[in-house]
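In: Sequence and computational prediction follow.
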Amino acid sequence: MVGGGSFEFEGLQTIGIVCLVCMFLKLMHLLGLINFTDEDSSESDLELSAVRHQPEGLDQLQAQTKFTKKELQSLYRGFKNECPSGLVDEETFKMIYSQFFPQGDATTYAHFLFNAFDIDRTGSIRFEDFVIGLSVLLRGSVHEKLKWAFNLYDINKDGYITKEEMLAIMKSIYDMMGNYTYPSVREDTPFEHVEKFFQKMDRNQDGVVTIDEFMETCQKDENIMSSMQLFENVI
Amino acid sequence: MAAGVAAWLPFARAAAIGWMPVASAPMPLAPREKRRTQDGFIIINVSGTKFQTWRSTLERYPDTLLGSTEKDFFFNEEINEYFFDRDPDIFRHILNFYRTGKLHYPRHECISAYDEELSFFGIIPEIIGDCCYEEYKDRRRENAERIQDDADDENNKEGVMPDMTLRQSMWRAFENPHTSTLALVFYYVTGFFIAVSVIANVVETVPCRASPGMIKDLPCGDRYALAFFCLDTACVMIFTVEYLLRLIAAPSRYRFVRSVMSIIDVVAIMPYYIGLVMTDNEDVSGAFVTLRVFRVFRIFKFSRHSQGLRILGYTLKSCASELGFLLFSLTMAIIIFATVMFYAEKNSTASKFTSIPAAFWYTIVTMTTLGYGDMVPKTIVGKIVGSVCSLSGVLVIALPVPVIVSNFSRIYHQNQRADKRRAQKASKEAGQAFLSKTNLSFEKEHHHLLHCLEKTTNHEFVDEETYEKNCMEVSSVNPPGSRCSSISSQHGLTSTCCSRRNKKTFRLPNSNMSGSHAGSLQELSTIQIRERPLISNSRSSLNAKMEDTVQRNSEHPYVTSAIISIQTPPVTSPEGNNTSDSPDYSQRNIVKVSAL
């Protein structure tokens, strides 16, 4: 009994002393007299967001695109207003694009779109990429536009559109619709749509669509050709 | 959608080409886009300061003044600019809103000036950005409180309205004892009796010298039982009468019964009645004694008499969360320390720490640094724990106290501000009367107009007294009666007619008149103040001041304040005042008259 009692006593004493020592150390740390962590806490404060990009000169851009100087100026003003650093990263891009489709989820499609614009795969869209892409879409020939669309669908940029790639694109487009549609989007609606697409496009039925097949089929389809001219006057 | 994002819409539309090849149906036609002219500059001249921006920047918000064709009204062909005679400093923020899509509120600007500019340019204040929204809301709340205080003051200062029922006048007498002498007397009498009752309760328990024939000292309450009983009865009767009168006079009896003060009243007088009703039953006499404890709640009735007490109560109520946190953290600390203490002292001989709840008492006494010494640790560990306990106790209690103090200070200063403003009002109104002397030509033209009105309607303006007299004679007819009420309500207000008009607009809806009737009536009533002010006898010293100034420039017997008369109606009608429509309308009427 006595032995047990003294153990208890010693145990408590030990705990008390340990607690006291810990608190003392903590107090010292609080007062700044001791430093436990490494001395790198100060460096994180100096991390500037030094990422900034200036576009090429106006003349060069004018040579590369089909926009006039005034159009380029107004485009850049809007671009710079929204992204003062001169670069659009994927997150910002997704956010901006999602604002136009509030009822659905536009992030997946925005991801594909981002990759289509970010030609050199830097991970961010600069003004040049932006304006070159827009130039193709708004002022390019139908051939160029179709090529751009093919590039969008071809996710891995290997020159072939597979069914999986198309399915991914289709799903992302249907995602943008959201839940409240009439008639409702069923589980297999994207799949059926992809099947229809492949039936139309895939001439030699090899399960992939090459750029030539794509061009050929589109040029024969009146609806597609007329819809390509739809957004001529956007800028 | 933010303005910046709207700039990306063309991009989003262009990117829609990506859907074309997979489309299942033909696309709809593009919307007809008008031939977009090249974006041009637009120059806005605000009181001489020129601002320049693109037209498309302004067109981002088409339902504001600058974004719509409304700005064409301000276009000046001579200088080929849009000219606004407004404050350029505030306009800067408004223009920034168009540019960035975010509206900011500058701290150094006056809130009402800012609100006015916003309403002029058709921008709703709710879109102020998060960075400035809190500040804006705080300032607006303060302003609304100030306006509310002023309105309350006006309500309080006005004299008795003859058409107030007895009930209403009684309620007003109860709520504001300073309005009439009878109310003041009642107020002091009840205060006296509260004090008497509380002192009697206290003295009752003091031991008095034993009556001859008894050995022990008796408490005074038992010795002079009859006297104390009579005193108690008298006090309770007065309190009962007061409570019943308040109940009768209350505008909403249900709300009154639920209010804190009435509950305190009831609790204060209940023990007496329960004691009367109960017989000398031994079983319940214990409970009866307990009930007597509630008599001490009478002391809370003093809070009607003391504003400081009310502020304290209000502070505690508003700091409820801080107090709750204090209580919670104390409880946590008490439990922890009591437990450790108990186990530390468990083995010491003859330890007083018999259980953890017993250790609670020690912990509480130690943490609040009382240290009675009835329970003392004997072991070393116990002593260490005890010292840590007392050190931490000071800290835990000291933490929420500044929050409570700052709350109290804020509310207290608010009240002080109200009192200060009341005191300043006198000097302010004197200053305004002084100001009004300056714009003489305006006054001349104004009064010529009123003269014309007199001639037109073939009526004359009379001063207040005679009109009231006429009113009383015709008191049976309703509309003149209501007219009287609105007129007499102006008595004791500021001397300037136009500012009186402003105040009047708040009261007109009470008199239940139609809008047009109100308009014409206002002019009559306001004018009569101005005519022959020498004759009117005024209660307030302010009017006397006006008379003095008026006598000085006798050729201009009318005292107006030009500055106030052109005041635009208050933009932010405070706190859902749904009578604000008619005041705005009638105020605009007035503005047209005086603006010439």
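Out: Great, that's in hand.
In: what sits against residue 20?
Out: Reading this off chain A. B:384, B:388 (C-beta atoms under 8 Å, 6 or more residues apart in numbering or on different chains). Where you see a C-beta, it was placed from the backbone N, CA and C, and this is true even at glycine.
In: Not quite, go with chain B.
Out: A:149, A:224, A:227-228, A:230, B:27.
In: nearest residue to it other than its sequence neighbours?
Out: A:Ser227 (4.6 Å; C-beta to C-beta, 6 or more residues apart in numbering or on different chains).
In: in which helix or strand would I find the one you found?
Out: In this assignment (DSSP states H and E), A:Ser227 forms part of helix A:222-228.
In: Around whichever residue of chain A sits closest to chain B, how many other residues sit close by?
Out: Here chain A gets closest to chain B at one residue, A:Gly78, 3.2 Å apart by C-beta to the nearest C-beta. Counted with other C-beta atoms under 10 Å in any protein chain shown, residues neighbouring A:Gly78 total 20.
In: Please apply the same query to the one 10 residues further on.
Out: For A:Val88, the neighbour count with other C-beta under 10 Å is 25.
In: Any chance of TSV for the contacts of B:Met20, columns neighbour count?
Out: Below are those laid out as TSV (neighbours: other C-beta atoms under 10 Å in any protein chain shown):
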residue	neighbour count
A:Ala149	22
A:Ile224	20
A:Ser227	21
A:Met228	22
A:Leu230	17
B:Met27	17
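In: about what we covered before: report the buried residues of the helix or strand containing the residue of chain A closest to chain B.
Out: Element membership for A:Gly78, per DSSP H and E: helix A:69-82. Of all the residues in helix A:69-82, those buried under the rule 16 or more other C-beta atoms under 10 Å in any protein chain shown are A:71-72, A:74-76, A:78-79, A:81-82.
In: Report the central residue of chain A.
Out: Taking C-alpha atoms, centre = their mean, the centroid of chain A lies closest to A:Glu90, which sits 3.3 Å from it.
In: Now for the residue nearest to it when sequence neighbours are not counted: which residues touch it?
Out: Spatial nearest neighbour of A:Glu90, chain neighbours left out: A:Phe114 (5.2 Å); criterion: C-beta to C-beta, 6+ apart. Contact partners of A:Phe114, counting by C-beta under 8 Å, 6+ apart, are A:90, A:93-94, A:125.
In: same check, this time on B:Gly386
Out: Counting by C-beta under 8 Å, 6+ apart, B:Gly386 has contacts B:341, B:362, B:366, B:377.
In: Now B:Glu81. Its backbone dihedrals?
Out: Phi and psi for B:Glu81, reported as degrees, to the nearest 10, are phi -140, psi 170.
In: Retrieve the pLDDT associated with it.
Out: For B:Glu81, the pLDDT comes out at 90.
In: close enough to count as contact, it and B:Thr49?
Out: No - counting by C-beta atoms under 8 Å, B:Glu81 stays clear of B:Thr49, with 11.4 Å between them.
In: Pull the number of nearby residues for B:Arg246.
Out: 19.
In: whoops, A:Glu222 was the one
Out: 9.
In: do B:Pro21 as well
Out: So B:Pro21, with other C-beta under 10 Å, has 23 neighbours.
In: ok, now B:Ala338?
Out: B:Ala338: 23 surrounding residues under other C-beta under 10 Å.
In: I'd like the mean pLDDT over the helix or strand harbouring it, please.
Out: Following DSSP H and E, the helix or strand that holds B:Ala338 is helix B:320-345. Taken as a whole, helix B:320-345 has an average pLDDT of 89.
In: packing partners for it?
Out: helix A:2-30, helix B:356-367, helix B:380-398, helix B:401-435 (3 or more C-beta pairs under 8 Å, 6 or more residues apart in numbering or on different chains; DSSP states H and E).
In: what residues does chain B put near chain A?
Out: By the rule C-beta under 8 Å from any C-beta of the partner chain, the part of chain B lying against chain A is B:1, B:3-5, B:7-27, B:29-30, B:33, B:38-39, B:343-344, B:346-347, B:379-381, B:384-385, B:388.
In: Using a markdown table, please lay out the contacts of B:Met20 together with pLDDT.
Out: Listed next are the contacts of B:Met20 as a markdown table, based on pLDDT from 0 to 100:
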| residue | pLDDT |
| --- | --- |
| A:Ala149 | 89 |
| A:Ile224 | 81 |
| A:Ser227 | 78 |
| A:Met228 | 79 |
| A:Leu230 | 74 |
| B:Met27 | 71 |
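In: Can I get the residues you listed in JSON lines including distance to B:Glu135?
Out: Shown next, in JSON lines, are these (distance: C-beta to C-beta, whole Å):
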{"residue": "A:Ala149", "distance to B:Glu135": "50"}
{"residue": "A:Ile224", "distance to B:Glu135": "55"}
{"residue": "A:Ser227", "distance to B:Glu135": "51"}
{"residue": "A:Met228", "distance to B:Glu135": "52"}
{"residue": "A:Leu230", "distance to B:Glu135": "48"}
{"residue": "B:Met27", "distance to B:Glu135": "49"}
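In: which one among the residues you listed gets closest to B:Ala398?
Out: Of all these, A:Ala149 has the smallest distance to B:Ala398: 69.7 Å, by C-beta to C-beta.
In: from what I can see the closest one touches B:Pro21, true?
Out: Yes - the criterion here is C-beta under 8 Å, and A:Ala149 meets it with B:Pro21 at 5.2 Å.
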